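Peer 1: Okay, predicted coordinates and the sequence, questions at the end:
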Amino acid sequence: MRKRIDAYIPQAMDLVERDLLEDKAVKNIYNSYISNFGAAVVSSGIKATTAFFSKDEDHRKLLKLLYEIVTGKSADEDKPNEDINKYLDLEGDYNQKIAKLMDAAAAIKLSIRTFKINIENG
């Protein structure tokens, strides 16, 4: 698990810089959302969590990053939760795929924290 998180960090750093950085800072809301992702998966399940995260643009941005890290492909801007659900439904170990998404979330969380956090703007 730790090796996979370490392997995901360079890509997560690039994606955070590309998609979440605004005026040289990351909105605090992204830090909050990604920190809650793992707990939401454990308590509600992966599909319920991705459905909830699909409700607003800031959550969808994080789902898009998760999908891109674990698959290497771009997700649909408006419906990244559907791309994640398709990924989960592919052949292979379902729990392993969830673990990869959780590790990607940890890599994003660690990456976000290397940038200045904008508390005033979300």
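Peer 2: Looks like it arrived, so ask away. Residues are numbered from 1 along each chain as shown.
Peer 1: Output stretch 74-87 as CSV, nothing but the C-alphas.
Peer 2: In CSV, the C-alpha atoms belonging to stretch 74-87 read as follows (Å, rounded to 0.1, in the frame of the first residue of the first chain):
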residue,chain,number,x,y,z
SER,A,74,-8.8,11.1,-18.6
ALA,A,75,-12.3,11.0,-17.0
ASP,A,76,-15.5,12.6,-18.3
GLU,A,77,-15.5,16.2,-16.9
ASP,A,78,-19.2,16.0,-16.0
LYS,A,79,-19.5,12.4,-14.9
PRO,A,80,-16.2,11.0,-13.6
ASN,A,81,-18.2,8.9,-11.1
GLU,A,82,-19.5,6.9,-14.1
ASP,A,83,-16.0,6.3,-15.4
ILE,A,84,-14.9,5.1,-11.9
ASN,A,85,-17.9,2.8,-11.7
LYS,A,86,-17.1,1.3,-15.1
TYR,A,87,-13.5,0.8,-13.9
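Peer 1: if I look at the closest residue to Y94 other than its chain neighbours, how far off is M13?
Peer 2: Distances taken as CB to CB, 6 or more residues apart in numbering place L88 nearest to Y94, at 6.3 Å, with adjacent residues excluded. C-beta coordinates here come from the backbone N, C-alpha and C atoms, glycine included. As judged by CB to CB, to the nearest Å, L88 and M13 stand 25 Å apart.
Peer 1: Repeat that for Y87.
Peer 2: For Y87, the distance to M13 - CB to CB - is 22 Å.
Peer 1: can you check E57 too?
Peer 2: When E57 is compared with M13 (using CB to CB), they lie 22 Å apart.
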